[in-house]
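S.K.: Got a predicted structure here, sequence first:
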Amino acid sequence: MDDNIFAILSKYKKKEDYLTASLLCILRNMWINADMNERATCAELLFNLSGIKFDMNEKVDFITQWSYKGVEKKDKSRLDAQISSGDKCIWIEVK
């Protein structure tokens, strides 16, 4: 994922993709590029959104347009976003 919000947002035309990318850009920057107070705020926001607690010392990945294969080999789906660590995963699908 790019670090520049303008580069990120210029990739998307659909409102749902644009909004999801915006959210993930903010969360990612709060988690990775900020001080521990901002990381704590991000962890609290993630908990309030999902009910999942993230430890402030764990590595968290923020991925937009995450593709996965279904049970059948021909089945392929895409989620708007995935937020995950070693043992936690949040999927986001905006409609």
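M.R.: Received it, and whenever you're ready, just let me know what you need. Residues are numbered from 1 along each chain as shown.

S.K.: what mean pLDDT does stretch 82-95 have?
M.R.: When pLDDT is averaged along stretch 82-95, the result is 89.

S.K.: Residues contacting that stretch, please?
M.R.: 16-17, 19-20, 23-24, 27, 46, 49-50, 52, 54, 58-63, 66, 79-81 (CB atoms under 8 Å, 6 or more residues apart in numbering). Any C-beta I mention is one placed from the backbone N, CA and C, and that applies to glycine too.

S.K.: got the CA positions of it in PDB?
M.R.: Taking C-alpha atoms only, stretch 82-95 is exported to PDB below (Å, rounded to 0.1, in the frame of the first residue of the first chain):
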ATOM      1  CA  GLN A  82      -8.600  -7.100   5.400                       C
ATOM      2  CA  ILE A  83      -7.000  -6.100   8.700                       C
ATOM      3  CA  SER A  84      -5.000  -8.900  10.200                       C
ATOM      4  CA  SER A  85      -2.200 -10.000  12.500                       C
ATOM      5  CA  GLY A  86      -0.800 -13.400  13.300                       C
ATOM      6  CA  ASP A  87      -4.000 -14.700  15.000                       C
ATOM      7  CA  LYS A  88      -6.700 -12.100  14.200                       C
ATOM      8  CA  CYS A  89      -8.500 -11.100  11.000                       C
ATOM      9  CA  ILE A  90     -11.200  -8.500  10.200                       C
ATOM     10  CA  TRP A  91     -12.800  -8.500   6.800                       C
ATOM     11  CA  ILE A  92     -14.500  -5.400   5.500                       C
ATOM     12  CA  GLU A  93     -17.000  -5.400   2.700                       C
ATOM     13  CA  VAL A  94     -18.700  -2.100   1.900                       C
ATOM     14  CA  LYS A  95     -22.000  -1.900  -0.100                       C
END
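
S.K.: where along the protein do the helices fall?
M.R.: For the chain, applying DSSP state H gives helices covering 5-9, 15-32, 36-50.
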